[in-house]
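1. With the sequence up front, the predicted model follows.
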Amino acid sequence: MTGGSVGDVVTRYHTLQTPLHLESGAVLNDIVIAYEQYGCSPAHGNTILVCHALSGDAHAAGMHKGDKHPGWWDGVIGPGKALDTDRYCIIATNVIGGCKGSTGPAAINPDTKLPYGPDFPVITIRDMVAAQHTFLIEQEIHDLYAVVGGSMGGMQSLQWSVEYPGFARRIVVIAAAGYSTPMHIAFGAVGRAAIMTDPAWKGGRYSADEKPDRGLSLARMMAHITYLSDQSMHKKFGRRLQEKTEYGYGFETEFSVESYLKHQGRSFVQRFDPNSYLYITKAIDYYDLTKNGSLSEGLKETDAKFLILSVSTDWLYPPYLSEEIVMALNSIGKDVQYTEVMSGFGHDGFLLEDDQMNYLIGRFLTPLTVADIMIRDPPTIRGCATIRAAAATMIEREVNHLPVLHADGTLCGIVTSWDIAKAVAGEHTMLDEIMTKNVLSVSADATLRDAAKILDKYHISALPVVGQGKVVGMLTSEQLSHIAERR
Ligand SMILES: CC(=O)SCCNC(=O)CCNC(=O)[C@H](O)C(C)(C)COP(=O)(O)OP(=O)(O)OC[C@H]1O[C@@H](n2cnc3c(N)ncnc32)[C@H](O)[C@@H]1OP(=O)(O)O
Ligand SMILES: N[C@@H](CCO)C(=O)O
C-alpha cells in the first residue's frame, strides 16, 4: 500500500486534572500523559486512539528530530494509510506505568520528591485505559471513531469496549487475547525474576547510574524470542555464526541469533526502565476480561464493531486466543470480523506486516460504501408507464431493474426483468399492476456490508439508492459480487 508520512512530530505532555482511582484502591494525582497527535484536528467521531504494546510509546508515527527510525507504526499511520491522517485525527498515548513520558515508577513521587520506584502502585490494563479516557475527556474528546492496538495494545482496545461501551464505534484487536494465559504469566515471571535477581535492582531503589541492566537485558532477550517464530529465525539467522575467530569455533564465538538477541537486550536497556518492565508485565498478567469464567459474559456490555486479527505463526498469542474472542462476541450477537494474517514473522508480525495491516484495518475503518460502487443516475420509469415502455428502457439501457417514481420524483416501486417476464405470461399492460410497491432502498453512505445484508435477508438482487427523497443510484448484487471477486 502506498501512503505518505506524517513528517516531523513531537511528543506532547498533559497533566491530568482529575485524580485517577486505580483498581488496586490507590489514587494517583497529577498524572502526566505523553501523547502524539497526527492528521486532522479532533472533531466529533473522527478520532482514533492507537494503543501500544509492552515496550512501545506515544511516538507511533513520523520522525523525531535526530532519530534514525520513525515511530513504531509508521507503516500504518499517515496520509492514505489504514489510519488515514487525511480522514482521521490519530492520537497515541504512552501508558501509565510506562517510561516514555507518562507517569510510571521512574517518575518523581510528589509526596517524597524521589522516584516512585517500588512505591508506585500496581496498575492494570483497566487503569491504563481509565487514564486514556480521562486524558481524552480533558482534551474535550467525548467519543472515538476507533481504538486500535496490537498485543498489549489489543488488550487495551478490548478493555475500552468493556469499560466505556459506546465511546468508541470500532475496536481493532491484533495479536492479543481476552485474558493472559499461564504461559504469558510464566514468561512474565521469568523476565521479572531476571531483573529482581540482579543485585543492582536493590529492591527497586536503584540509582540512575547503576540500574539492573543485566537483568533487564536478559528479560528482553528471553521475551524477544517469543516475538519471533521458528520460521523467521530459520530465515533470519539459520545456524550462521556471527563471526568466526581465527581459532575457529571457540566458546566465545557467537551464533548470529545469539548476537542478535544480545543486541536487542543491549538496545532495550538504553530505552526502557527496569521497574516499568516489572509493572507493565504484571499489568499484562493480571489482564482477564472473563466474568464467571466466561469471555461472552465479560464482553456482554460492549457496543462497537470489532475487527480481530491474529498472526498465523504467533505462538505467544496463537490464533486460537483471537478465535475465542470472536466466538464470544458471536455468541452474544456482536458485530465482529476476523482474519488470521498469514505471516512468518510470529507475534511481531503486527509491527511488520504493513501491507496486510493496511489492507485489513483500512477496509474495516474506512469500508467501501454504496456511493463507491453504485450506478449513478440510473434509468428510472414513472409509475403510470406501460410494461412495454419499461421493457424498452431496460433493453435500451441494458439493466435488469428499474426504480419506479411518483410524479414528484420520489420512489414508489421497483420493477425487474423477471416481473416483465411474469407480466407477459399473465397478460398485464400497466406497470402499476406488476411492480413491487413495498420497495426497499439504501442510502449512499451505507457500507457495502450493510447493503449486502439487506439483499441477503430479503432475497432481492437490487436496491435503489435514495438521498433526500430522490433516487441517486442503483446497487445490484452483480456489482457486489464483482467487488468481492476483486478484493
Ligand atoms: C507497539 C510496540 O510494540 S512498539 C515496540 C516495538 N519495538 C520493539 O519491539 C523494539 C525492538 N525492535 C524490534 O524488535 C524490531 O525492530 C521490530 C520487531 C520492531 C522490527 O523488526 P525488524 O525490522 O525485522 O528488525 P530486526 O528485528 O531485524 O532488528 C534490527 C536490529 O537488529 C540488528 N541486528 C540484526 N541482526 C543482528 C545480528 N545477527 N547481530 C547483532 N545485531 C543484529 C540490526 O543491526 C538492527 O539494529 P538497530 O535496530 O540498532 O538498527
Ligand atoms: N515487540 C513488541 C511486542 C510485544 O508484545 C514490544 O516489545 O512491545
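-> Sure thing, it's come through. Ligands and ions are numbered 1, 2, ... in the order given.
2. residues contacting residue 219?
-> Going by Cβ atoms under 8 Å, 6 or more residues apart in numbering, residue 219 touches 190-192, 194-195, 277. (C-beta placed from N, C-alpha, C; glycine too.)
3. how about 7 Å then?
-> 191, 194-195, 277 (Cβ atoms under 7 Å, 6 or more residues apart in numbering).
4. Show me which residues of the helix or strand bottoming out on mean pLDDT in the chain are buried.
-> Ranked by mean pLDDT, DSSP states H and E, the weakest helix or strand in the chain is helix 477-486, scoring a mean of 78. Using 16 or more other Cβ atoms under 10 Å as the test for burial, helix 477-486 gives 479-480.
5. For ligand 2, give me its nearest residue in the stretch 201-350 of the chain.
-> Residue nearest to ligand 2 within the stretch 201-350 of the chain: residue 227 (4.7 Å; Cβ to the nearest ligand atom).
6. Kindly apply the preceding question to the stretch 101-250 of the chain instead.
-> With Cβ to the nearest ligand atom as the measure, residue 151 is the residue of the stretch 101-250 of the chain nearest to ligand 2, at 3.3 Å.
7. could you measure that residue against residue 281, distance?
-> As for residue 151, its distance to residue 281 is 12 Å (criterion: Cβ to Cβ, to the nearest Å).
8. before we move on, what about residue 42?
-> Distance from residue 42 to residue 281, by Cβ to Cβ: 32 Å.
9. Tell me if residue 466 really is in a helix.
-> No - checked against DSSP: H, G, I helix; E, B strand; the rest coil, residue 466 lies outside a helix; its state is strand.
10. That one and residue 232, how far apart?
-> 51 Å.
11. Which single residue of the stretch 351-487 of the chain approaches ligand 2 most closely?
-> Residue nearest to ligand 2 within the stretch 351-487 of the chain (Cβ to the nearest ligand atom): residue 351, separated by 6.4 Å.
12. Please identify which helix or strand holds residue 337.
-> Assigning secondary structure by DSSP states H and E places residue 337 in strand 335-341.
13. was I right about residue 99 contacting residue 116?
-> No - contact between residue 99 and residue 116 fails when scored by Cβ atoms under 7 Å: they sit 11.3 Å apart.
14. Present the contacts of residue 219 as TSV; the columns should include pLDDT and distance to residue 85.
-> Shown next, in TSV, are the contacts of residue 219 (pLDDT from 0 to 100; distance: Cβ to Cβ, whole Å):
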residue	pLDDT	distance to residue 85
191	98	35
194	98	39
195	98	38
277	98	31
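15. Out of the residues you listed, grab the one that's most surrounded.
-> Taking other Cβ atoms under 10 Å as the neighbour criterion, residue 277 ranks highest of the contacts of residue 219 with 28 neighbours.
16. Starting from residue 347, give me the distance back to that one.
-> Distance from residue 277 to residue 347, by Cβ to Cβ: 17 Å.
17. same deal with residue 153?
-> Using Cβ to Cβ, we find residue 153 at a distance of 12 Å from residue 347.
18. near ligand 2, which residues of the stretch 1-150 of the chain show up?
-> Residues of the stretch 1-150 of the chain lying close to ligand 2 by Cβ under 6 Å from any ligand atom are 53-56.
19. at 8 Å instead, please
-> Neighbours of ligand 2 within the stretch 1-150 of the chain, by Cβ under 8 Å from any ligand atom: 52-56, 72, 150.
20. quick one: which of these is most hemmed in?
-> In terms of neighbours by other Cβ under 10 Å, those top out with residue 150 at 30 neighbours.
21. That one touches residue 52, doesn't it?
-> No - with contact defined as Cβ under 7 Å, residue 150 does not reach residue 52; the gap is 8.3 Å.
22. Residue ranges in this protein under the pLDDT threshold?
-> In the predicted model of the chain, residues 1-2, 244-249, 484-487 satisfy pLDDT under 70.
23. same for the least confident helix or strand of the chain, what does it pack against?
-> Other elements packing on helix 477-486 under the criterion 3 or more Cβ pairs under 7 Å, 6 or more residues apart in numbering; DSSP states H and E are helix 448-457.
24. could you check the angle strand 335-341 makes with the helix it packs on?
-> Inter-element angle recorded for helix 448-457 and strand 335-341: 110 degrees (by axes from the mean of the first three to the mean of the last three Cα atoms, to 10 degrees).
25. Buried residues of helix 448-457, list them for me.
-> Those would be 448-449, 451-452, 455, for helix 448-457 by 16+ other Cβ under 10 Å.
26. Now flag whichever of those residues is closest to ligand 1.
-> Of all the buried residues of helix 448-457, the one sitting nearest ligand 1 is residue 449; the distance, using Cβ to the nearest ligand atom, is 28.6 Å.
27. so what's the closest residue to the closest one other than its chain neighbours up against?
-> Spatial nearest neighbour of residue 449, chain neighbours left out: residue 367 (6.3 Å); criterion: Cβ to Cβ, 6 or more residues apart in numbering. Shown in contact with residue 367 (Cβ under 7 Å, 6+ apart): 447-449.
28. now do residue 141
-> For residue 141, the contact set (Cβ under 7 Å, 6+ apart) comprises 42, 47.
29. Please name the nearest non-neighbouring residue to whichever residue of the stretch 301-450 of the chain sits closest to ligand 1.
-> Distances between the stretch 301-450 of the chain and ligand 1 by Cβ to the nearest ligand atom are smallest at residue 348, namely 4.1 Å. Nearest non-adjacent residue to residue 348, counting by Cβ to Cβ, 6+ apart: residue 227, 4.3 Å away.
30. same question, residue 479
-> What sits nearest to residue 479 in space, not counting adjacent residues and going by Cβ to Cβ, 6+ apart, is residue 373, at 5.3 Å.
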